[in-house]
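Asker: Following is a predicted model, sequence given first.
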Amino acid sequence: MSKLTIEDLQRIKEQTTKSTALRQGDARVKITVHMGTCGIAAGARAVMTALMEEMAEADRQDIRVVTSGCMGMCSSEPNVTVEILDEEPIVYQLMDANRMRQVFRRHVLKGEVQSGFAQGRL
Amino acid sequence: MRELSLHILDIVENGITAGAGCITIAIDESGPADRLTIRVCDDGPGMPAQKALNLEDPFMTTRTTRRVGLGLSLLAAAARRCEGEVAVATAPGRGTEVTATFRHSHIDRAPLGDMAATLEMLIVGNPQVDFVYSHRVDDRDFTLDTRELKRELAGVDLGDPMVARELTESVRRSLRELAAGGTPGPGRQPDVEAHD
């Protein structure tokens, strides 16, 4: 039976030692990718993949990415909700990998809400 | 759905929503039998037989955000298009097992697609859930068990983006080797490349 090799495991382990300090306290930003049937069919997985790549680049410990189910706005999937501590949550609609990168770099990292993609406030 | 791996992501999310702690995903590709079988088992609460009868009905759903439930009915439609079927075995307290079969070489069968990406989403998005993935192609197979992984990589957060990226690359490499390992039978293509 084949599994991940020892080398694979070692590489994975190295990544953790690289990502510096341990996560301290609560996350300041929570990003939710909605992954119901509707979201998945509309491309939420590609959005999530792009988001994970951006996260790896940014190497920030205070950002959490979670998935959730359908939020009842299937026609505007893929939807992504960005919640920053002490700010109103923003729902982004009709996301794709590029929009996700833009939202991450501008909104999550710099605090500029990308109102062009935003659906509104929850 | 353009890839079977997206159906799998969807069906597994059902189990997670139902409160499962461990989910088993088994894929079996058999050249001689020309069969592709996907099985997803969860250890969630299961459901009464009466409810299981209606599972493929798109208008049956427990959610409150919309009135239709499409995940399983879409998978069933995809399987039926390919001379296959979907079977659901469940009982209260016994978890749920969904099995979908396809004729492997059927022209309407969607490619399996990027299973590594599906696994990454599941592992990163649901840190509280364990996953056991096994993939068999004829007599070769690959297994990934997050419980084992967590033991061997004690203290490593599998949800860490850097870790997840490395893990996904390793899985993708292993699956590519699995697909390339044997000579493809008639009408079969190595099937684990990314499609999106």
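Answerer: Yep, that arrived.

Asker: hey, let's count contacts and neighbours off CA atoms from now on
Answerer: Noted.

Asker: Buried by neighbour count: which residues of stretch A:107-122 qualify?
Answerer: A:107, A:108, A:113, A:114, A:117, A:118, A:119 (16 or more other C-alpha atoms under 10 Å in any protein chain shown).

Asker: Spell out which parts of chain B neighbour chain A.
Answerer: Proximity of chain B to chain A, by C-alpha under 8 Å from any C-alpha of the partner chain, involves residues B:1-2, B:6, B:9-10, B:13, B:17, B:65-66, B:70-71, B:117-118, B:121, B:124-126, B:140-144, B:153, B:156-157, B:160-163, B:165-167, B:170-171, B:174, B:196.

Asker: If any of those residues are buried, put those into a ChimeraX selection.
Answerer: The following ChimeraX line selects those of the residues of chain B next to chain A that are buried, judged by 16+ other C-alpha under 10 Å:
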select /B:1,2,6,9,10,13,70,71,117,118,121,124,125,126,141,142,143,144,153,156,157,160,161,162,163,165,166,167,170,171,174
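
Asker: Quick check: the farthest pair among the buried residues of stretch A:107-122?
Answerer: Of all pairs drawn from those, the greatest distance, 16.4 Å, lies between A:108 and A:119 (C-alpha to C-alpha).

Asker: Just the ones in strands from the buried residues of stretch A:107-122, please.
Answerer: Among these, DSSP state E puts A:118, A:119 in strands.

Asker: can you list the buried residues of stretch A:107-122 in a markdown table and add distance to residue A:77 and pLDDT?
Answerer: Listed next are the buried residues of stretch A:107-122 as a markdown table, based on distance: C-alpha to C-alpha, whole Å; pLDDT from 0 to 100:
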| residue | distance to residue A:77 | pLDDT |
| --- | --- | --- |
| A:107 | 19 | 95 |
| A:108 | 20 | 95 |
| A:113 | 19 | 93 |
| A:114 | 17 | 93 |
| A:117 | 12 | 89 |
| A:118 | 12 | 90 |
| A:119 | 11 | 82 |
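
Asker: Which of the buried residues of stretch A:107-122 sits closest to chain B?
Answerer: Nearest to chain B out of the buried residues of stretch A:107-122 is residue A:108 (C-alpha to the nearest C-alpha; 15.6 Å).
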